[in-house]
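Trainee: Pasting the sequence and the predicted model now:
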Amino acid sequence: RLGFISSSTFFRTGSGEKLRVFLGEEARIEAIVDFGDLQIFEGVTTYPAIVVLRRGHAEEGDLAFLTLDDEMPDDLARAFVTGRRSMRRARLGRGSWRLEEEEVSRLRDKIGDGRPTLGEVYGAPMRGIVTGLNDAFVVDRATRDRLITADPKSAELLKPFLRGENIKRWRVESEDLWLIDTPKGKIDIDAYPAIRDHLLPFRPDLEKRATKQEWFELQQAQAAYQDRMERPKIVWPHFQPATRFAIDEAGFLLNNKCFFVSFGDTNLVGLLNSSLCWFQLAGMARVKRGGYLEAEAQYVDQIRIPSPEQLAGCGFGAPVERCTIASEGRLSSVNGFLHRLLDLPGSSRTEPSRRLEQFWTLDFAGFRAEIQKSFGADIPVKERNDWEEFHRETSAEVNRLTAEIAETERNIDAAVYALYDLTADEISLIERTVA
(Lines give C-alpha, C1' and ligand atoms only; values in the text may rest on other atoms or scores of the structure.)
Protein backbone atom coordinates (compact mmCIF):
# COMPACT_ATOMS: atom_id res chain seq x y z
CA ARG A 1 0.00 0.00 0.00
CA LEU A 2 1.35 3.44 -0.93
CA GLY A 3 0.32 6.96 -0.05
CA PHE A 4 2.06 9.91 -1.69
CA ILE A 5 1.63 13.64 -2.13
CA SER A 6 2.33 15.27 -5.46
CA SER A 7 1.06 17.94 -7.78
CA SER A 8 -2.49 17.25 -8.93
CA THR A 9 -1.81 18.68 -12.37
CA PHE A 10 -1.40 15.19 -13.83
CA PHE A 11 -5.13 14.67 -13.16
CA ARG A 12 -6.00 16.76 -16.21
CA THR A 13 -2.97 17.59 -18.37
CA GLY A 14 -2.07 15.94 -21.63
CA SER A 15 1.40 15.20 -20.26
CA GLY A 16 -0.20 13.32 -17.36
CA GLU A 17 -2.16 10.92 -19.56
CA LYS A 18 0.37 8.06 -19.39
CA LEU A 19 0.50 8.25 -15.61
CA ARG A 20 -3.32 8.28 -15.42
CA VAL A 21 -3.49 5.21 -17.65
CA PHE A 22 -0.81 3.39 -15.64
CA LEU A 23 -2.46 4.08 -12.28
CA GLY A 24 -5.87 3.23 -13.67
CA GLU A 25 -4.70 -0.14 -15.00
CA GLU A 26 -1.96 -1.23 -12.58
CA ALA A 27 -3.10 0.10 -9.20
CA ARG A 28 -6.20 0.07 -7.08
CA ILE A 29 -6.73 3.63 -5.95
CA GLU A 30 -8.39 3.79 -2.54
CA ALA A 31 -8.44 7.47 -1.60
CA ILE A 32 -7.62 10.91 -2.95
CA VAL A 33 -7.42 14.25 -1.16
CA ASP A 34 -7.36 17.21 -3.55
CA PHE A 35 -6.18 20.44 -1.94
CA GLY A 36 -7.28 22.57 -4.90
CA ASP A 37 -5.35 25.83 -4.80
CA LEU A 38 -4.75 25.77 -1.05
CA GLN A 39 -1.06 26.53 -0.63
CA ILE A 40 0.31 24.12 1.96
CA PHE A 41 3.99 24.52 1.08
CA GLU A 42 5.28 27.91 2.14
CA GLY A 43 6.84 30.09 -0.53
CA VAL A 44 5.83 28.07 -3.57
CA THR A 45 2.61 27.81 -5.57
CA THR A 46 1.56 24.17 -5.90
CA TYR A 47 -1.64 22.27 -6.48
CA PRO A 48 -1.08 19.28 -4.21
CA ALA A 49 -3.04 16.06 -3.82
CA ILE A 50 -2.65 12.93 -1.73
CA VAL A 51 -3.21 9.63 -3.50
CA VAL A 52 -3.49 6.34 -1.59
CA LEU A 53 -3.36 3.11 -3.62
CA ARG A 54 -2.55 -0.59 -3.51
CA ARG A 55 -0.41 -2.51 -5.93
CA GLY A 56 -2.29 -4.75 -8.35
CA HIS A 57 -4.79 -4.51 -11.15
CA ALA A 58 -7.67 -2.11 -10.68
CA GLU A 59 -10.88 -3.66 -9.44
CA GLU A 60 -14.49 -2.63 -9.58
CA GLY A 61 -15.73 -0.70 -6.60
CA ASP A 62 -15.53 2.76 -5.11
CA LEU A 63 -12.80 5.05 -3.90
CA ALA A 64 -13.12 7.78 -1.29
CA PHE A 65 -12.24 11.38 -2.06
CA LEU A 66 -12.15 14.74 -0.34
CA THR A 67 -11.82 18.09 -2.05
CA LEU A 68 -10.71 21.10 -0.02
CA ASP A 69 -11.70 24.51 -1.35
CA ASP A 70 -11.63 27.11 1.41
CA GLU A 71 -9.13 26.39 4.16
CA MET A 72 -6.86 23.72 5.53
CA PRO A 73 -8.58 21.75 8.32
CA ASP A 74 -6.91 21.54 11.72
CA ASP A 75 -7.19 17.75 11.60
CA LEU A 76 -6.98 16.39 8.06
CA ALA A 77 -7.66 12.79 9.05
CA ARG A 78 -10.85 13.75 10.87
CA ALA A 79 -11.91 16.01 7.99
CA PHE A 80 -11.45 13.09 5.60
CA VAL A 81 -13.53 10.75 7.74
CA THR A 82 -16.38 13.24 8.11
CA GLY A 83 -16.28 14.87 4.68
CA ARG A 84 -15.26 12.13 2.27
CA ARG A 85 -17.47 11.13 -0.62
CA SER A 86 -17.37 8.12 -2.87
CA MET A 87 -17.14 7.57 -6.61
CA ARG A 88 -16.65 4.60 -8.88
CA ARG A 89 -12.99 3.72 -9.33
CA ALA A 90 -13.67 2.99 -13.01
CA ARG A 91 -14.30 6.71 -13.56
CA LEU A 92 -10.54 7.32 -13.35
CA GLY A 93 -9.30 6.50 -16.83
CA ARG A 94 -7.34 8.00 -19.69
CA GLY A 95 -9.26 11.30 -19.75
CA SER A 96 -9.28 14.06 -17.14
CA TRP A 97 -9.77 12.77 -13.63
CA ARG A 98 -12.84 14.35 -12.08
CA LEU A 99 -13.49 13.90 -8.38
CA GLU A 100 -17.26 14.07 -8.20
CA GLU A 101 -20.26 12.09 -7.09
CA GLU A 102 -21.98 9.59 -9.34
CA GLU A 103 -25.00 11.76 -10.18
CA VAL A 104 -22.71 14.47 -11.60
CA SER A 105 -20.75 11.89 -13.60
CA ARG A 106 -23.95 10.40 -15.01
CA LEU A 107 -25.09 13.85 -16.07
CA ARG A 108 -21.79 14.43 -17.88
CA ASP A 109 -22.32 11.11 -19.65
CA LYS A 110 -25.79 12.18 -20.75
CA ILE A 111 -24.55 15.53 -22.06
CA GLY A 112 -21.88 13.82 -24.14
CA ASP A 113 -23.96 10.86 -25.33
CA GLY A 114 -24.20 10.87 -29.12
CA ARG A 115 -23.07 14.48 -29.48
CA PRO A 116 -19.97 15.55 -31.41
CA THR A 117 -17.14 17.54 -29.91
CA LEU A 118 -16.50 21.12 -30.92
CA GLY A 119 -13.27 20.03 -32.57
CA GLU A 120 -15.02 17.38 -34.66
CA VAL A 121 -17.46 19.94 -36.06
CA TYR A 122 -15.36 23.11 -36.38
CA GLY A 123 -11.80 21.85 -36.34
CA ALA A 124 -9.23 21.97 -33.56
CA PRO A 125 -8.96 25.35 -31.79
CA MET A 126 -5.82 27.30 -32.63
CA ARG A 127 -3.40 29.22 -30.44
CA GLY A 128 -2.18 32.78 -30.85
CA ILE A 129 1.29 34.06 -31.69
CA VAL A 130 4.44 33.63 -29.57
CA THR A 131 6.72 36.63 -30.08
CA GLY A 132 9.52 35.55 -27.76
CA LEU A 133 9.89 39.17 -26.65
CA ASN A 134 6.73 41.26 -26.44
CA ASP A 135 8.63 44.45 -25.60
CA ALA A 136 10.19 44.35 -29.05
CA PHE A 137 7.28 43.26 -31.22
CA VAL A 138 4.19 44.75 -29.54
CA VAL A 139 3.84 48.53 -29.86
CA ASP A 140 1.25 51.15 -29.00
CA ARG A 141 -0.52 53.53 -31.40
CA ALA A 142 2.04 56.32 -30.98
CA THR A 143 4.94 54.01 -31.85
CA ARG A 144 3.02 52.58 -34.80
CA ASP A 145 2.33 56.05 -36.16
CA ARG A 146 5.95 57.07 -35.68
CA LEU A 147 7.19 54.01 -37.59
CA ILE A 148 4.81 54.65 -40.48
CA THR A 149 5.76 58.33 -40.62
CA ALA A 150 9.43 57.33 -40.82
CA ASP A 151 8.70 54.74 -43.52
CA PRO A 152 5.17 54.27 -44.94
CA LYS A 153 6.11 50.72 -45.96
CA SER A 154 6.11 49.83 -42.24
CA ALA A 155 2.32 49.68 -42.37
CA GLU A 156 2.60 46.34 -44.20
CA LEU A 157 4.03 44.67 -41.07
CA LEU A 158 1.97 46.39 -38.36
CA LYS A 159 -1.18 44.43 -37.49
CA PRO A 160 -3.85 45.13 -34.82
CA PHE A 161 -3.24 42.88 -31.82
CA LEU A 162 -5.09 41.48 -28.80
CA ARG A 163 -3.78 40.00 -25.58
CA GLY A 164 -5.67 37.45 -23.49
CA GLU A 165 -6.83 40.07 -21.01
CA ASN A 166 -8.48 42.01 -23.85
CA ILE A 167 -11.05 39.26 -24.40
CA LYS A 168 -14.10 39.53 -22.19
CA ARG A 169 -17.45 37.80 -22.08
CA TRP A 170 -19.33 38.80 -25.28
CA ARG A 171 -16.82 41.45 -26.39
CA VAL A 172 -13.19 42.31 -27.07
CA GLU A 173 -11.55 45.39 -25.56
CA SER A 174 -8.77 46.61 -27.82
CA GLU A 175 -5.92 48.53 -26.17
CA ASP A 176 -4.92 49.81 -29.63
CA LEU A 177 -1.83 47.58 -29.63
CA TRP A 178 -0.02 46.58 -32.81
CA LEU A 179 2.16 43.60 -33.65
CA ILE A 180 5.26 43.79 -35.81
CA ASP A 181 4.41 40.75 -37.91
CA THR A 182 7.65 39.16 -39.13
CA PRO A 183 7.02 35.44 -39.78
CA LYS A 184 9.97 33.12 -40.22
CA GLY A 185 11.46 33.16 -43.72
CA LYS A 186 8.95 35.69 -45.07
CA ILE A 187 10.51 39.12 -44.50
CA ASP A 188 13.57 40.99 -45.77
CA ILE A 189 14.05 43.24 -42.76
CA ASP A 190 16.28 45.68 -44.66
CA ALA A 191 13.27 46.50 -46.86
CA TYR A 192 11.64 47.95 -43.73
CA PRO A 193 14.30 50.26 -42.27
CA ALA A 194 12.10 51.91 -39.62
CA ILE A 195 10.99 48.51 -38.29
CA ARG A 196 14.58 47.24 -38.41
CA ASP A 197 15.86 50.24 -36.47
CA HIS A 198 13.11 49.84 -33.88
CA LEU A 199 14.06 46.19 -33.32
CA LEU A 200 17.85 46.64 -33.34
CA PRO A 201 18.17 47.71 -29.66
CA PHE A 202 16.45 44.45 -28.70
CA ARG A 203 18.73 42.28 -30.84
CA PRO A 204 20.87 40.87 -27.97
CA ASP A 205 17.76 39.63 -26.17
CA LEU A 206 16.09 38.47 -29.37
CA GLU A 207 19.08 36.29 -30.18
CA LYS A 208 18.76 34.53 -26.78
CA ARG A 209 15.30 33.14 -27.53
CA ALA A 210 14.79 29.40 -27.17
CA THR A 211 13.98 28.52 -30.78
CA LYS A 212 15.94 29.12 -33.96
CA GLN A 213 14.90 32.02 -36.16
CA GLU A 214 16.45 35.21 -37.48
CA TRP A 215 16.86 37.81 -34.76
CA PHE A 216 14.05 39.99 -36.17
CA GLU A 217 11.53 37.17 -36.69
CA LEU A 218 8.67 36.14 -34.44
CA GLN A 219 9.33 33.00 -32.43
CA GLN A 220 6.06 31.32 -33.46
CA ALA A 221 4.11 33.41 -35.95
CA GLN A 222 1.57 30.60 -36.52
CA ALA A 223 2.09 31.24 -40.24
CA ALA A 224 0.25 28.04 -41.18
CA TYR A 225 -3.05 29.54 -40.06
CA GLN A 226 -2.39 33.25 -39.59
CA ASP A 227 -4.66 34.02 -42.54
CA ARG A 228 -7.56 32.48 -40.58
CA MET A 229 -6.62 34.53 -37.54
CA GLU A 230 -7.12 37.69 -39.58
CA ARG A 231 -10.75 36.81 -40.39
CA PRO A 232 -13.87 36.97 -38.17
CA LYS A 233 -13.58 34.26 -35.55
CA ILE A 234 -14.58 33.14 -32.07
CA VAL A 235 -11.90 34.00 -29.51
CA TRP A 236 -11.27 33.30 -25.83
CA PRO A 237 -8.50 33.83 -23.28
CA HIS A 238 -6.38 31.09 -21.71
CA PHE A 239 -7.40 31.94 -18.12
CA GLN A 240 -11.10 32.26 -17.35
CA PRO A 241 -12.96 32.99 -14.08
CA ALA A 242 -16.18 32.28 -16.01
CA THR A 243 -16.93 31.67 -19.66
CA ARG A 244 -15.31 34.40 -21.78
CA PHE A 245 -16.04 33.79 -25.44
CA ALA A 246 -16.56 36.56 -27.98
CA ILE A 247 -16.70 37.19 -31.72
CA ASP A 248 -13.80 39.15 -33.16
CA GLU A 249 -15.18 40.78 -36.29
CA ALA A 250 -12.09 42.93 -36.90
CA GLY A 251 -9.59 40.13 -37.52
CA PHE A 252 -7.08 40.95 -34.76
CA LEU A 253 -3.91 38.91 -34.46
CA LEU A 254 -3.75 37.26 -31.04
CA ASN A 255 -1.04 36.58 -28.51
CA ASN A 256 -0.26 33.12 -27.14
CA LYS A 257 -2.69 33.56 -24.23
CA CYS A 258 -5.60 33.47 -26.67
CA PHE A 259 -7.25 30.72 -28.67
CA PHE A 260 -9.72 30.79 -31.54
CA VAL A 261 -11.82 28.83 -33.97
CA SER A 262 -12.17 30.32 -37.42
CA PHE A 263 -15.93 30.38 -37.34
CA GLY A 264 -17.71 33.58 -36.32
CA ASP A 265 -21.18 32.21 -35.59
CA THR A 266 -23.35 33.85 -32.90
CA ASN A 267 -25.13 30.58 -32.15
CA LEU A 268 -21.85 28.93 -31.15
CA VAL A 269 -20.82 31.93 -29.02
CA GLY A 270 -24.16 31.79 -27.19
CA LEU A 271 -23.66 28.10 -26.50
CA LEU A 272 -20.06 28.53 -25.31
CA ASN A 273 -21.01 31.30 -22.86
CA SER A 274 -23.75 29.16 -21.31
CA SER A 275 -23.71 27.61 -17.85
CA LEU A 276 -23.85 24.15 -19.40
CA CYS A 277 -20.63 24.69 -21.32
CA TRP A 278 -18.93 26.06 -18.22
CA PHE A 279 -20.07 22.87 -16.44
CA GLN A 280 -18.39 20.84 -19.17
CA LEU A 281 -15.20 22.91 -19.23
CA ALA A 282 -14.86 22.89 -15.43
CA GLY A 283 -14.96 19.10 -15.55
CA MET A 284 -11.98 18.91 -17.89
CA ALA A 285 -9.70 21.91 -17.53
CA ARG A 286 -7.00 22.57 -14.97
CA VAL A 287 -7.98 24.90 -12.15
CA LYS A 288 -5.45 27.54 -11.15
CA ARG A 289 -5.17 29.66 -8.05
CA GLY A 290 -8.17 31.93 -7.55
CA GLY A 291 -10.55 29.50 -9.28
CA TYR A 292 -9.41 30.35 -12.81
CA LEU A 293 -9.76 27.62 -15.42
CA GLU A 294 -7.14 27.10 -18.11
CA ALA A 295 -9.35 27.09 -21.21
CA GLU A 296 -6.68 25.63 -23.45
CA ALA A 297 -7.36 24.26 -26.91
CA GLN A 298 -7.20 20.64 -25.74
CA TYR A 299 -10.15 21.20 -23.38
CA VAL A 300 -12.39 23.47 -25.46
CA ASP A 301 -11.87 21.05 -28.34
CA GLN A 302 -13.68 18.37 -26.29
CA ILE A 303 -16.81 20.35 -25.37
CA ARG A 304 -19.84 18.38 -26.53
CA ILE A 305 -22.15 20.41 -28.72
CA PRO A 306 -25.45 19.84 -30.54
CA SER A 307 -25.41 18.87 -34.18
CA PRO A 308 -24.76 21.72 -36.64
CA GLU A 309 -28.39 21.50 -37.73
CA GLN A 310 -29.67 21.87 -34.16
CA LEU A 311 -27.27 24.72 -33.46
CA ALA A 312 -28.23 26.53 -36.66
CA GLY A 313 -31.88 26.51 -35.59
CA CYS A 314 -31.46 27.59 -31.97
CA GLY A 315 -31.89 31.31 -32.72
CA PHE A 316 -29.16 32.69 -30.46
CA GLY A 317 -28.30 35.48 -32.90
CA ALA A 318 -30.55 38.15 -31.38
CA PRO A 319 -29.80 37.29 -27.71
CA VAL A 320 -26.05 37.24 -28.38
CA GLU A 321 -26.30 40.60 -30.13
CA ARG A 322 -28.22 42.02 -27.14
CA CYS A 323 -25.55 40.76 -24.75
CA THR A 324 -22.77 42.15 -26.94
CA ILE A 325 -24.39 45.59 -27.33
CA ALA A 326 -25.29 45.79 -23.64
CA SER A 327 -21.81 44.67 -22.61
CA GLU A 328 -20.17 47.27 -24.83
CA GLY A 329 -22.58 49.96 -23.59
CA ARG A 330 -21.86 49.03 -20.00
CA LEU A 331 -18.12 49.30 -20.65
CA SER A 332 -18.59 52.70 -22.30
CA SER A 333 -20.57 54.01 -19.32
CA VAL A 334 -18.01 52.73 -16.82
CA ASN A 335 -15.04 54.08 -18.78
CA GLY A 336 -16.72 57.45 -19.24
CA PHE A 337 -17.28 57.76 -15.51
CA LEU A 338 -13.75 56.66 -14.61
CA HIS A 339 -12.28 59.08 -17.14
CA ARG A 340 -14.12 61.95 -15.48
CA LEU A 341 -12.53 61.01 -12.15
CA LEU A 342 -9.30 62.42 -13.59
CA ASP A 343 -10.81 65.90 -13.17
CA LEU A 344 -10.90 65.55 -9.37
CA PRO A 345 -8.17 66.94 -7.09
CA GLY A 346 -5.53 64.33 -6.22
CA SER A 347 -6.50 61.92 -9.00
CA SER A 348 -3.19 62.37 -10.81
CA ARG A 349 -1.25 60.96 -7.86
CA THR A 350 -2.83 57.49 -7.74
CA GLU A 351 -4.91 54.97 -9.64
CA PRO A 352 -8.59 54.60 -8.67
CA SER A 353 -9.17 51.96 -6.01
CA ARG A 354 -11.05 48.73 -6.74
CA ARG A 355 -14.10 50.18 -5.00
CA LEU A 356 -13.99 53.29 -7.19
CA GLU A 357 -13.70 51.10 -10.26
CA GLN A 358 -17.00 49.57 -9.12
CA PHE A 359 -18.58 52.93 -8.28
CA TRP A 360 -22.12 51.77 -9.13
CA THR A 361 -22.08 49.50 -6.05
CA LEU A 362 -21.65 52.56 -3.76
CA ASP A 363 -24.21 55.14 -2.71
CA PHE A 364 -23.05 58.73 -3.11
CA ALA A 365 -21.90 59.04 0.51
CA GLY A 366 -19.81 55.89 0.11
CA PHE A 367 -18.49 57.16 -3.22
CA ARG A 368 -17.38 60.45 -1.64
CA ALA A 369 -15.72 58.60 1.22
CA GLU A 370 -13.80 56.42 -1.23
CA ILE A 371 -12.72 59.51 -3.22
CA GLN A 372 -11.30 61.00 -0.03
CA LYS A 373 -9.55 57.75 0.87
CA SER A 374 -8.04 57.22 -2.60
CA PHE A 375 -7.25 60.77 -3.68
CA GLY A 376 -6.73 62.45 -0.32
CA ALA A 377 -9.26 65.19 -1.13
CA ASP A 378 -13.04 65.58 -1.22
CA ILE A 379 -15.12 66.53 -4.25
CA PRO A 380 -15.13 70.36 -4.40
CA VAL A 381 -18.29 71.83 -2.87
CA LYS A 382 -19.32 73.60 -6.09
CA GLU A 383 -19.18 70.33 -8.04
CA ARG A 384 -20.91 67.99 -5.59
CA ASN A 385 -24.45 68.33 -6.92
CA ASP A 386 -23.27 67.67 -10.47
CA TRP A 387 -21.23 64.67 -9.33
CA GLU A 388 -24.13 63.28 -7.31
CA GLU A 389 -26.41 63.45 -10.35
CA PHE A 390 -23.73 62.01 -12.63
CA HIS A 391 -23.07 59.18 -10.18
CA ARG A 392 -26.78 58.39 -9.84
CA GLU A 393 -27.49 58.40 -13.57
CA THR A 394 -24.41 56.41 -14.56
CA SER A 395 -24.90 53.86 -11.78
CA ALA A 396 -28.52 53.39 -12.85
CA GLU A 397 -27.44 52.81 -16.45
CA VAL A 398 -24.72 50.33 -15.47
CA ASN A 399 -27.15 48.42 -13.26
CA ARG A 400 -29.81 48.44 -16.00
CA LEU A 401 -27.40 47.01 -18.56
CA THR A 402 -26.08 44.45 -16.06
CA ALA A 403 -29.64 43.27 -15.41
CA GLU A 404 -30.36 43.12 -19.15
CA ILE A 405 -27.29 40.95 -19.74
CA ALA A 406 -28.18 38.66 -16.83
CA GLU A 407 -31.76 38.18 -18.02
CA THR A 408 -30.65 37.45 -21.60
CA GLU A 409 -28.04 34.98 -20.34
CA ARG A 410 -30.73 33.17 -18.32
CA ASN A 411 -32.81 32.89 -21.49
CA ILE A 412 -29.80 31.50 -23.39
CA ASP A 413 -29.18 29.00 -20.58
CA ALA A 414 -32.79 27.83 -20.71
CA ALA A 415 -32.59 27.31 -24.48
CA VAL A 416 -29.30 25.41 -24.14
CA TYR A 417 -30.78 23.13 -21.47
CA ALA A 418 -33.64 22.36 -23.87
CA LEU A 419 -31.15 21.52 -26.64
CA TYR A 420 -29.62 18.88 -24.36
CA ASP A 421 -33.01 17.55 -23.14
CA LEU A 422 -32.23 18.18 -19.48
CA THR A 423 -34.74 17.73 -16.69
CA ALA A 424 -35.42 20.27 -13.94
CA ASP A 425 -33.35 18.20 -11.49
CA GLU A 426 -30.43 18.02 -13.92
CA ILE A 427 -30.57 21.77 -14.52
CA SER A 428 -30.55 22.35 -10.78
CA LEU A 429 -27.52 20.07 -10.41
CA ILE A 430 -25.60 21.99 -13.09
CA GLU A 431 -26.39 25.35 -11.52
CA ARG A 432 -25.37 24.15 -8.05
CA THR A 433 -22.15 22.73 -9.43
CA VAL A 434 -21.08 25.87 -11.32
CA ALA A 435 -22.22 28.36 -8.65
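Mentor: That came through fine.
Trainee: What's the local residue count around Thr266?
Mentor: 19 (other C-beta atoms under 10 Å). For the C-beta atoms, the positions are set from N, CA and C on the backbone; glycine is no exception.
Trainee: Quick check: which ranges of the chain have low pLDDT?
Mentor: 58-59 (pLDDT under 70).
Trainee: quick one: the closest residue to Asn267 other than its chain neighbours and Cys323, what's the gap?
Mentor: Spatial nearest neighbour of Asn267, excluding adjacent residues (C-beta to C-beta, 6 or more residues apart in numbering): Phe316 at 4.5 Å. Distance, Phe316 to Cys323, by C-beta to C-beta, to the nearest Å: 10 Å.
Trainee: Show me which of these two is the more surrounded one.
Mentor: Cys323 (27 against 23).
Trainee: Would you confirm that the more buried one contacts Phe245?
Mentor: No: using C-beta atoms under 8 Å, Cys323 is not in contact with Phe245, being 10.9 Å away.
Trainee: tell me which element Trp215 is part of?
Mentor: Of the helices and strands defined by DSSP states H and E, none includes Trp215.
Trainee: Next, the contact list for it, please.
Mentor: Shown in contact with Trp215 (C-beta atoms under 8 Å, 6 or more residues apart in numbering): Leu199, Arg203, Leu206, Glu207.
Trainee: do the same with Leu19
Mentor: Residues in contact with Leu19 (C-beta under 8 Å, 6+ apart) are Phe10.
Trainee: Tell me how far it lies from Phe35.
Mentor: The gap separating Leu19 from Phe35 is 18 Å, by C-beta to C-beta.
Trainee: Which residue lies nearest the spatial centre of the chain?
Mentor: Central residue of the chain (C-alpha atoms, centre = their mean): Gln240, 2.6 Å from the mean position.
Trainee: who's it bridged to?
Mentor: Listed by DSSP bridges, the beta-bridge partners for Gln240 are Leu293.
Trainee: Over to Asp74: give its phi and psi.
Mentor: phi -60, psi -40 (degrees, to the nearest 10).
Trainee: burial measure for it, as a count.
Mentor: So Asp74, with other C-beta under 10 Å, has 7 neighbours.
Trainee: next one: Arg410
Mentor: 11.
Trainee: quick one: common contacting residues for Cys323 and Phe245?
Mentor: Joint contacts of Cys323 and Phe245 (C-beta under 8 Å, 6+ apart) are Asn273.
Trainee: what's near enough to touch the residue nearest to the centre of the chain?
Mentor: So Gln240 contacts Leu281, Tyr292, Leu293, Ala295 (C-beta under 8 Å, 6+ apart).
Trainee: list the residues that contact both of Phe316 and Cys323?
Mentor: Common contacts of Phe316 and Cys323 (C-beta under 8 Å, 6+ apart): Ile412.
Trainee: which stretches of the stretch 101-250 of the chain form strands?
Mentor: 126-127, 138-139, 158-162, 177-180, 233-237, 239-240, 246-248 (DSSP state E, counting those that start in this stretch).
Trainee: re earlier: and the contacts of Gln240, which of them are buried?
Mentor: Leu281, Tyr292, Leu293, Ala295 (16 or more other C-beta atoms under 10 Å).
Trainee: isn't Gln236 right up against Arg244?
Mentor: Actually, residue 236 is Trp. It isn't Gln. Yes: counting by C-beta under 8 Å, Trp236 touches Arg244, with 5.7 Å between them.
Trainee: Between these two, point out the one with more neighbours.
Mentor: Shown here are Trp236 and Arg244; by other C-beta under 10 Å, Trp236 has more neighbours (26 against 20).
Trainee: Contacts only, for the more buried one.
Mentor: Contacts of Trp236 (C-beta under 8 Å, 6+ apart): Ile167, Arg244, Phe245, Ala246, Cys258, Phe259, Phe260, Leu272, Ala295, Val300.
Trainee: now with 6 Å?
Mentor: Applying C-beta atoms under 6 Å, 6 or more residues apart in numbering, we find Trp236 in contact with Arg244, Phe245, Phe259, Ala295.
Trainee: quick one, what contacts the second one?
Mentor: The contact partners of Phe245, by C-beta under 6 Å, 6+ apart, come to Trp236, Val269, Leu272, Asn273.
Trainee: repeat that with 10 Å
Mentor: Counting by C-beta atoms under 10 Å, 6 or more residues apart in numbering, Phe245 touches 167-170, 234-237, 259-261, 268-274, 277, 295, 300, 320.
Trainee: Next: Leu158.
Mentor: Val139, Thr143, Arg144, Asp145, Leu147, Ile148, Trp178, Leu179, Ile180, Asp181, Tyr192, Ile195.
Trainee: same question, Ile5
Mentor: Val33, Phe35, Ile40, Phe41, Thr46, Pro48, Ala49, Ile50, Val51.
Trainee: Pipe these into CSV and attach neighbour count, distance to Pro152 and secondary structure per row.
Mentor: Formatted as CSV, the contacts of Ile5 follow (neighbours: other C-beta atoms under 10 Å; distance: C-beta to C-beta, whole Å; DSSP: H, G, I helix; E, B strand; the rest coil):
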residue, neighbour count, distance to Pro152, secondary structure
Val33, 23, 63, strand
Phe35, 20, 57, coil
Ile40, 12, 58, coil
Phe41, 9, 56, coil
Thr46, 17, 52, coil
Pro48, 19, 56, strand
Ala49, 23, 57, strand
Ile50, 17, 63, strand
Val51, 22, 62, strand
